[in-house]
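K.L.:
The amino acid sequence is not available; the structure is as follows:
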């Protein structure tokens, strides 16, 4: 598989050092563009003024020819129901021109197939939904993520999985086992790597951690999107992008 730089997505967490200096996500679009990237994933938790920033981010992205995606740190399933914020979140994604809103799974143990199936008419057009494993104990476990996708499949929802390559480690789960169980549900990869030390688990550059990222990526057969999602210095980011597009 050939990975083109313009097809790679950068989640704005990669520019955390700039966000910490006070830049807003609209400002980061120029930086992403200068790296040759044409796809950026906006994070809702970094937006201070939803009403104003979403539209200004969209306008800037349109000027630069950047396609936007939307990451929301909310659960798809809340208690035994679909998150009541979902219509609003889909509308926000629509303002950005994002094709779908990415959510965390939430707890799938109590929700019924019938409740999930009620969402089908809404998802047959407009902004879609994809769900991801985050680092929340229980919710992001392999058992719960697998149950979530099984129930979604039974409800016939057009909703696929976003596989974060590194988050499993923070829960003591095996990324390779997760790949085996969730590979067929996965359409989008959030790529990060990690290293275990005496101080705990830490994020590394993409190619210096415990996961053989290139080998893992080649095993996912139905993925249509790949993003980098880890804070790192800009020189590390440039090197990781160069290696990824050069070897994958």
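P.N.:
Good, I have the coordinates. What you see is a predicted model, and the numbers here were worked out from it, not measured in a lab.
K.L.:
how far away is the most centrally placed residue in the chain from residue 81?
P.N.:
For the chain, the residue sitting closest to the mean C-alpha position, by C-alpha atoms, centre = their mean, is residue 190 at 5.2 Å. Distance of residue 190 to residue 81, computed by C-beta to C-beta, to the nearest Å: 26 Å. Backbone N, C-alpha and C define where each C-beta goes, glycine included.
K.L.:
mind checking the longest strand of the chain?
P.N.:
Counting by DSSP state E, the longest strand found in the chain is strand 67-78.
K.L.:
partners of it in the sheet?
P.N.:
Within its sheet, strand 67-78 is paired with strand 39-43 (parallel), strand 81-82 (antiparallel), strand 100-106 (parallel), according to DSSP bridges.
K.L.:
Just put the ones you listed in CSV and tack on distance to residue 63 and mean pLDDT.
P.N.:
Formatted as CSV, the strands paired with strand 67-78 follow (distance: least, C-beta to C-beta, whole Å; pLDDT from 0 to 100):
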stretch, distance to residue 63, mean pLDDT
strand 39-43, 13, 98
strand 81-82, 35, 98
strand 100-106, 23, 98
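K.L.:
what's the most buried one of those?
P.N.:
Mean neighbour count (mean count of other C-beta atoms under 10 Å) peaks for strand 100-106 among the strands paired with strand 67-78, with a mean of 25.
K.L.:
Which strands and helices lie in contact with the helix or strand just after that strand?
P.N.:
Using DSSP states H and E, the helix or strand that follows strand 100-106 towards the C-terminus is helix 113-117. Here helix 113-117 touches strand 81-82, helix 142-154, going by 3 or more C-beta pairs under 8 Å, 6 or more residues apart in numbering; DSSP states H and E.
K.L.:
Of the ones you listed, which is nearest residue 32?
P.N.:
Residue 32 lies closest to helix 142-154 among the helices and strands packed on helix 113-117, at 29.1 Å (C-beta to C-beta).
K.L.:
I'd like to know which elements the closest one is packed against.
P.N.:
Packed against helix 142-154 by the contact rule (3+ C-beta pairs under 8 Å, 6+ apart) you find strand 100-106, helix 113-117, strand 128-132, helix 175-182.
K.L.:
what's the closest of those to residue 139?
P.N.:
That would be strand 100-106 among those, by C-beta to C-beta, at 5.7 Å.
K.L.:
Save the strands paired with strand 67-78 as JSON lines, and put in distance to residue 18 too.
P.N.:
As requested, the strands paired with strand 67-78 are exported to JSON lines (distance: least, C-beta to C-beta, whole Å):
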{"stretch": "strand 39-43", "distance to residue 18": "13"}
{"stretch": "strand 81-82", "distance to residue 18": "35"}
{"stretch": "strand 100-106", "distance to residue 18": "22"}
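K.L.:
and residue 114, which of those strands is closest to it?
P.N.:
For these, proximity to residue 114 was assessed by C-beta to C-beta; strand 81-82 is nearest, at 11.5 Å.
K.L.:
Next SSE downstream of that closest one?
P.N.:
Immediately after strand 81-82, counting by DSSP H and E, sits helix 86-96.
K.L.:
Pull the number of nearby residues for residue 22.
P.N.:
7 (other C-beta atoms under 10 Å).
K.L.:
give me the element it is part of.
P.N.:
Counting by DSSP H and E, no helix or strand carries residue 22.
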